[in-house]
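Chemist: Attaching a predicted model along with its sequence, questions to come.
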Amino acid sequence: MATAEFATSPPYPEDFCDAADDIVIRAFLAPFVSDLLSPEDMTLVSSLTCEWGDINGDPFDTSEPPDGTLDHPGPNGMLDGSFELGLLAFVLNNEGPLQAETRTAYESNYALLATVFNDPACSNCPLFSAMGTGFPEGLIRTMAGYATEGDATTLQVLNLFGNILTHIGVIPPSLDDYDVLPSLYGPEGDADGDGCTNRQEYDEYFGSGAEVYIANALDGAVNPGNCSAEGEGEGEGEGEGEGEGEGEGEGEGEGEGEGEGEGEGEGEGEGEGEGEGEGEVELEAALLFVTQTPIADDFANIMSTFGTHLSSVSSAPRGGDLWIRYADGALRNLTAEAGFGTTPGQDIAVRDPYAHWSGNKALVSIVIGGTIQNNYTPVYWQIYEVTGLGQGQTVQFRKLAQPADYNNISPVYATDGRILFTSDHPRNGDRRLYPQLDEYESQDTVSGLWAMQPDGSELV
């Protein structure tokens, strides 16, 4: 029997974005690959896409109704390919104090996975090798990267990848056999040893891009503002000195109060603590926001003035999500947690989040699907109410009763309990009047501002 011949040493320089995207492309374009994988496997594969992939959080049950099987990984709030695994790739590719230890672990994991693909017991592996699909190589690289990151939650993802290996005839390695470095590369690890976790570095520098995050996560002299590892004593010292000094001075005598206050403040340090207090803005409430795949055109799409309500893929590119950022800097991808956008052909775009003034619920418009080639069934923006927004709560999305075959966007809560929104629903409901066109460009437009009760009744 022929055996596969996959290299047991990794290619350098390593690029985990390239590896993840290669898995996605090969799985969907190579029939030999997709025929071996289950729908659940394909959902997991599609979630690897580097641009938005975040799959090393706690897994969840995607079945309807739930059957108790944790069959899909949830996010951990840190993008994988260019950030978490990007940090690992940078160390692998560049000389430095961490490279030798990191390469030893990564190469061990890579060889372990390549060996199981070369096992004669895998009847499909020689075909993979002969056809040069690139799919196994991408899996080996990506799984070896996650294994090297190695925190307990990330390792759970390898169990789900194990299902893919089983379906293509490979016996997955035991999790105990991987060489892991969670103290360096896990979310709560500290790659530069500055006392600030990788997650804190990510939360601080995510908005500046992956290169800035990686540079600062590996520079112990640069500390994120959300971490008090270096400035804690100084910040506390000055705060305690001034606060206690003034308070006790008023009650017990000016001399005692001022002397005690100044002593604590200057003795424990000042300067850095004071700088943090002046420069860092702490949020008192969470921020609800959406991400949107960029689009170059500026007419009749979600980024334009005319036709901004349209729901086709060309007008509203799929790939965005609903996120929440808490006051402590933690991020949650709410739509991904609820399973939106994780199934091939059910890709989503999200827009117009509006939080209720209680902070306990929110409204958002979502369009689902419209991405299957040669399937021209129309899809529309629909309004959802979101609950479970608090940290530790389970997020839930409820699709409201509303005009189903029209685009309903920009929902807000009215003070009388109704929901206000804009829609392209014809004013009298007559489909023959659809779509309404604007007078300047003869372009599709909304028909106006609408209102309804939360149960969809009293639509006006």
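Modeler: Now that the structure is in, tell me what you want to look at.
Chemist: mind checking how far residue 57 is from residue 316?
Modeler: When distance is defined by C-beta to C-beta, to the nearest Å, residue 57 is 27 Å away from residue 316. Every C-beta, even on glycine, is put in place using the N, C-alpha and C of the backbone.
Chemist: before we move on, what about residue 399?
Modeler: Note on residue 399: its distance to residue 316, by C-beta to C-beta, is 18 Å.
Chemist: Compare these two (neighbour count), which wins?
Modeler: Each of residue 399 and residue 316 has its neighbours counted (other C-beta atoms under 10 Å); residue 316 has more, 28 against 12.
Chemist: secondary structure class for that one?
Modeler: Recorded secondary structure, residue 316: coil (DSSP: H, G, I helix; E, B strand; the rest coil).
Chemist: Return the per-residue confidence for it.
Modeler: pLDDT, residue 316: 90.
Chemist: next one: residue 254
Modeler: According to the prediction, residue 254 has pLDDT 39.
Chemist: For this protein, which segments count as strands?
Modeler: Taking DSSP state E as the criterion, the chain contains strands spanning 287-290, 322-325, 331-333, 348-355, 361-368, 382-387, 396-399, 408-413, 419-423, 448-452.
Chemist: Distance to residue 430 added to those, as CSV?
Modeler: As requested, these are exported to CSV (distance: least, C-beta to C-beta, whole Å):
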stretch, distance to residue 430
strand 287-290, 33
strand 322-325, 33
strand 331-333, 40
strand 348-355, 26
strand 361-368, 24
strand 382-387, 21
strand 396-399, 25
strand 408-413, 18
strand 419-423, 14
strand 448-452, 15
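Chemist: nearest to residue 440, of the ones you listed?
Modeler: For residue 440, the closest of the strands of the chain is strand 448-452, at 16.7 Å, according to C-beta to C-beta.
Chemist: can you state the direction angle for the closest one and strand 419-423?
Modeler: Using axes from the mean of the first three to the mean of the last three C-alpha atoms, to 10 degrees, the inter-axis angle of strand 448-452 relative to strand 419-423 is 140 degrees.
Chemist: quick one, which of the strands of the chain is nearest to residue 195?
Modeler: Set against residue 195 and scored by C-beta to C-beta, those come closest in strand 331-333, at 21.3 Å.
Chemist: what's the closest non-adjacent residue to residue 329?
Modeler: In space, and not counting its chain neighbours, residue 329 is closest to residue 203: 3.9 Å by C-beta to C-beta, 6 or more residues apart in numbering.
Chemist: Distance check, that neighbour against residue 384.
Modeler: Taking C-beta to C-beta as the criterion, residue 203 is separated from residue 384 by 27 Å.
Chemist: got it, and residue 46?
Modeler: From residue 46 to residue 384 the distance is 22 Å (C-beta to C-beta).
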